[in-house]
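Q: all I have is the shape, not the residue letters:
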């Protein structure tokens, strides 16, 4: 239902980046496929402003992509008029940080709020071509934290979020980016999934057990050792499954893999790659431990090619600020 209060003159939307920690079921024998675990993180974000305008004006990074999202939303809502959208910041595209879903939902939610319309996150995600495989980005858009989605069945439109847990405030995440490389995306990603054989049922079962009976309970109890061990094993199994599509290895970037190996040796937890990469990650039990690990990581010869940052997990999703001037 429309809110008939005065319309704002500008909307500011900020969405955190996310890590995709792994898929659950790449077998599909139970009637559902994919599912996954994801986490909202700080330091990296997508932000944009939207205003009413007499003619379309899209500026900033990813402007052509944003233009298509704006046109789709204008056709969907049929509110009349145009929009001026300024993209203020984006996370690196095709790096495993969820940039496409963040950008699409930021545009959709901003335009809806500008017209005092209720948000329709799941429906807009589908309209804008998001959520076909993973529901993590959509789930994290709402609330942040750590989420698990239940994958897609025959009747599924958007994968349901079946678990949501707050990130421990004292934990930190080391995020390792190789800005010279991109992960698999678009047509190549579709081709990779189409050509990969289904994961053997016993391996998919092991992954689901790891997540349900080790990773999630450990996360809830703030047991970083058990949580990290579960995520590391999950990543090894998935890395082996996707190795052919990633050039024969478990990681898309050899430089990231080298730094992660050093972090693993130094006591970091939950070593892995987000989605198709090339971004890698590792967990630390405190800010002090994360700083120690980051110093060690930057001493590695491979680190000169990389951007290494210490991030907090974020227990919030999208932030939408409405501004109104007389």
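A: Yes, it's here. Predicted, not measured: the structure shown is a model, and the values here were computed from it.
Q: give the contact list for residue 38.
A: Neighbour list for residue 38: 18-21, 98, 134, 136-137, 139-140, 146-149 [criterion: Cβ atoms under 8 Å, 6 or more residues apart in numbering]. Where you see a C-beta, it was placed from the backbone N, CA and C, and this is true even at glycine.
Q: in the chain, which spans are helices?
A: Secondary structure of the chain (DSSP state H): helices at 63-77, 99-114, 121-127, 136-143, 186-195, 201-210, 216-220, 224-242, 254-265, 287-298.
Q: closest one to residue 279 among the ones you listed?
A: Closest approach to residue 279 among the helices of the chain (Cβ to Cβ): helix 254-265, 7.3 Å.
Q: quick revisit: which of the contacts of residue 38 fall within strands?
A: Within the contacts of residue 38, residues falling in strands by DSSP state E are 18, 19, 20, 21, 146, 147, 148, 149.
Q: where does the prediction get shaky in the protein?
A: Residues of the chain meeting the criterion pLDDT under 70: 1-5, 183-186, 188-189, 246-249, 325-326.
Q: try 50 this time
A: For the chain, the stretches flagged by pLDDT under 50 are 1, 4.
Q: related to what we said a few turns ago, okay if I get the contacts of residue 38 as CSV plus neighbour count and distance to residue 260?
A: Shown next, in CSV, are these (neighbours: other Cβ atoms under 10 Å; distance: Cβ to Cβ, whole Å):
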residue, neighbour count, distance to residue 260
18, 30, 19
19, 28, 13
20, 24, 16
21, 25, 14
98, 30, 20
134, 23, 22
136, 30, 21
137, 26, 23
139, 30, 26
140, 32, 23
146, 26, 20
147, 25, 23
148, 25, 23
149, 28, 25
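Q: so which of these comes closest to residue 285?
A: Set against residue 285, the nearest of the contacts of residue 38 by Cβ to Cβ is residue 146 (15.9 Å).
Q: hey, what's that closest one bridged with?
A: residue 39, residue 165 (DSSP bridges).
Q: I'd say it and residue 315 touch.
A: No: between residue 146 and residue 315 there is no contact under Cβ atoms under 8 Å: 9.1 Å.
Q: now do the shared contacts for those two.
A: Listed as contacting both residue 146 and residue 315 by Cβ under 8 Å, 6+ apart are 166, 167.
Q: about what we covered before: which of the helices of the chain sits closest to residue 171?
A: Proximity to residue 171 (Cβ to Cβ) singles out helix 224-242 among the helices of the chain, at 6.4 Å.
Q: other residues contacting that closest one?
A: In this structure, residues lying in contact with helix 224-242 by Cβ under 8 Å, 6+ apart are 21-23, 26, 37, 168, 171, 192, 196, 199, 203, 206-207, 210-211, 214-215, 217-219, 246, 249-251, 264, 268-273, 276, 283-285.
Q: try it again at 6 Å.
A: By Cβ atoms under 6 Å, 6 or more residues apart in numbering, the residues outside helix 224-242 that reach it are 21-22, 199, 203, 207, 210, 214-215, 218-219, 250, 269-272, 283, 285.
Q: stretch 245-262 now?
A: For stretch 245-262, contacts defined as Cβ under 6 Å, 6+ apart pick out 176, 178, 181, 183, 192, 239, 243, 271, 273, 277-278, 280, 297, 300, 302-303, 305-306.
Q: from the residues you listed, list the buried ones, please.
A: Among those, those buried by neighbour count (16 or more other Cβ atoms under 10 Å) are 176, 178, 181, 183, 192, 239, 271, 273, 277-278, 280, 297, 300, 302-303, 305-306.
Q: what about the residue nearest to residue 24 when sequence neighbours are not counted, how many neighbours?
A: Ranked by Cβ to Cβ, 6 or more residues apart in numbering and with sequence neighbours excluded, the top spatial neighbour of residue 24 is residue 35, at 3.5 Å. For residue 35, the neighbour count with other Cβ atoms under 10 Å is 26.
Q: quick check: residue 35 touching residue 152?
A: No: assessed by Cβ atoms under 6 Å, residue 35 is found out of contact with residue 152, at 8.2 Å.
Q: quick one: closest of the helices of the chain to residue 46.
A: Nearest to residue 46 among these is helix 99-114; the distance by Cβ to Cβ comes to 4.2 Å.
Q: please list the outside residues in contact with the closest one.
A: By Cβ under 6 Å, 6+ apart, the surrounding residues in contact with helix 99-114 are 11, 13, 15, 46, 48, 50, 66, 69, 73, 91, 93, 119, 124, 128, 130, 137, 141, 320.
Q: quick one, that helix and helix 186-195 angle?
A: Interaxial angle of helix 99-114 relative to helix 186-195 (axes from the mean of the first three to the mean of the last three Cα atoms, to 10 degrees): 120 degrees.
Q: centre of the chain versus helix 99-114, how much separation?
A: Centre-to-centre, helix 99-114 and its host chain are 15 Å apart (Cα atoms, centre = their mean, to the nearest Å).
Q: what's the angle from that helix to helix 136-143?
A: Here helix 99-114 runs at an angle of 40 degrees relative to helix 136-143 (the same axes, to 10 degrees).
Q: sorry, back to before: so which of the helices of the chain is nearest residue 7?
A: helix 99-114 (6.8 Å).
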